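K.L.:
Need a 3D model of the sequence below.
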Amino acid sequence: MSFDKAGYLIGRNFVYPDYRIQFPRHYGYALRHLRAQVRVKANEKAIEGGLAEYNVDVPLGRDYIEFDAAEMRIVSVKVDGRDTRFEYDGRTLRVYLSPGSHMVQVGYETKPRKGLYFVLPDEHYRDRVPMVWTQGESEDNHYWIPMPDYPNVKFTSELLIIVPKTWTAVSNGVLVETRDLGNEVLWHWRLDKPHSAYLVALAAGEFEVVREDCDGVTIEHYVPRGLR
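P.N.:
Just a heads-up that it's a prediction; the model follows:
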C-alpha cells in the first residue's frame, strides 16, 4: 500500500490511471458573461468573422488569463478596447492583462472539426436540407468559440448568429431580436441564468416551425423544411 505526493492512497500499483484522484480544472479567474457573434459559412464549413466578448474578474497577483481555443486563427485580442499582448499555440489562448474587472474581445476564424457540425447536400443526398448544429458536451465547444471549456465553469451568455436569409437560427434562452442584413439574417439569443460552458449551443438551417400549446406554454418544434 502506498500514497502519492498529496497523501492519497493509490494501492499496490494495480490502480488504472483513469481511477486516480482527478481534481477539477481551475482557470484562476471568473468569467461572468460571454457574448459571441458568429457568421456561419455552411459551404466552407467555417465560422468567419467570429467575435467573442468576455466580462471577466481577474484576482490580484495574476497578469494573464487563458481560454481554450482549438485550431483557430486568432485575428485580434483587445482588453477594454485596446490591443493587448497575447500568445496562442493552437490550443490555448493566453491574454495578458492587469487584475480587476475587464472586457476582453477576441476576433477569430475557424473550421471546427468538433463541437460544431455541418449537414449539407452531397452526391448521395442531393435533396438533403442544409443545417448546422452543435454538440459541446463535455469539452468540445472550444473548437468553435474560445472559452474556459470545462463543465464546472458557469456564466451567462448570449449568441448572435448570422446565417443565410432563408435560414432560422436557434440558441439558448430568449430570442432578443432578428435583424435583416440583406442576404443574411442575424438571430440574437440570450440566456441570463449561469450555465456550464458546454451548454452554449446553436442549431441553424432551413427549418419550419411547428407550434403547440401545453397548458398555456407555447412549445416550438423546429424541423427541416418539407418534413413537418
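K.L.:
Could you verify that residue 136 is part of a strand?
P.N.:
No: counting by DSSP: H, G, I helix; E, B strand; the rest coil, residue 136 is not found in a strand; it is coil.
K.L.:
Now do the phi/psi pair for the residue lying closest to it once chain neighbours are set aside.
P.N.:
The shortest distance from residue 136 to any non-neighbouring residue, by CB to CB, 6 or more residues apart in numbering, is to residue 198 (3.9 Å). Heads up, the C-betas are built off the backbone N, CA and C, glycines and all. Torsion angles at residue 198 (phi, psi; degrees, to the nearest 10) stand at phi -70, psi -10.
K.L.:
ok, now which ones touch residue 198?
P.N.:
136, 137, 138, 139, 140, 141, 149, 151 (CB atoms under 8 Å, 6 or more residues apart in numbering).
K.L.:
Could I have the buried ones of those as ChimeraX selection syntax?
P.N.:
Provided next is the ChimeraX selection string for whichever of the contacts of residue 198 are buried by 16 or more other CB atoms under 10 Å:
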select :136,139,140,141,149
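K.L.:
between the contacts of residue 198, which is closest to residue 108?
P.N.:
Distance to residue 108, by CB to CB, is smallest for residue 141 among the contacts of residue 198, at 13.4 Å.
K.L.:
Now do the residue nearest to residue 136 against residue 165, distance only.
P.N.:
30 Å (CB to CB, to the nearest Å).
K.L.:
go on, residue 206?
P.N.:
From residue 206 over to residue 165 the distance is 10 Å, taken as CB to CB.
K.L.:
next one: residue 33
P.N.:
29 Å.
K.L.:
Which of those two has more residues huddled nearby?
P.N.:
Neighbour comparison, residue 33 and residue 165: the larger count goes to residue 33, with 16 against 10 (by other CB atoms under 10 Å).
K.L.:
Mind picking the one among the contacts of residue 198 that's closest to residue 193?
P.N.:
residue 151 (15.6 Å).
K.L.:
which stretches of this structure have low pLDDT?
P.N.:
Residue ranges of the chain with pLDDT under 70: 1-15.
K.L.:
quick one on the thing from earlier: what about the residue nearest to residue 136, distance to residue 155?
P.N.:
From residue 198 to residue 155 the distance is 12 Å (CB to CB).
K.L.:
What's the local residue count around the nearest residue to residue 225 once chain neighbours are set aside?
P.N.:
Spatial nearest neighbour of residue 225, chain neighbours left out: residue 206 (4.4 Å); criterion: CB to CB, 6+ apart. By other CB under 10 Å, 15 other residues sit near residue 206.
K.L.:
Same check on the one 4 residues further on?
P.N.:
Applying other CB under 10 Å, we find 11 residues neighbouring residue 210.
K.L.:
what separates it from residue 223, distance-wise?
P.N.:
As judged by CB to CB, residue 210 and residue 223 stand 6 Å apart.
K.L.:
again with residue 54
P.N.:
According to CB to CB, residue 54 and residue 223 sit 34 Å apart.
K.L.:
neighbour-wise, which of the two wins?
P.N.:
For residue 54 versus residue 223, neighbours defined as other CB under 10 Å are more numerous around residue 54 (24 against 13).
K.L.:
so that one sits right up against residue 34, yeah?
P.N.:
Yes: Residue 54 is within contact range of residue 34, at 5.7 Å (criterion: CB atoms under 8 Å).
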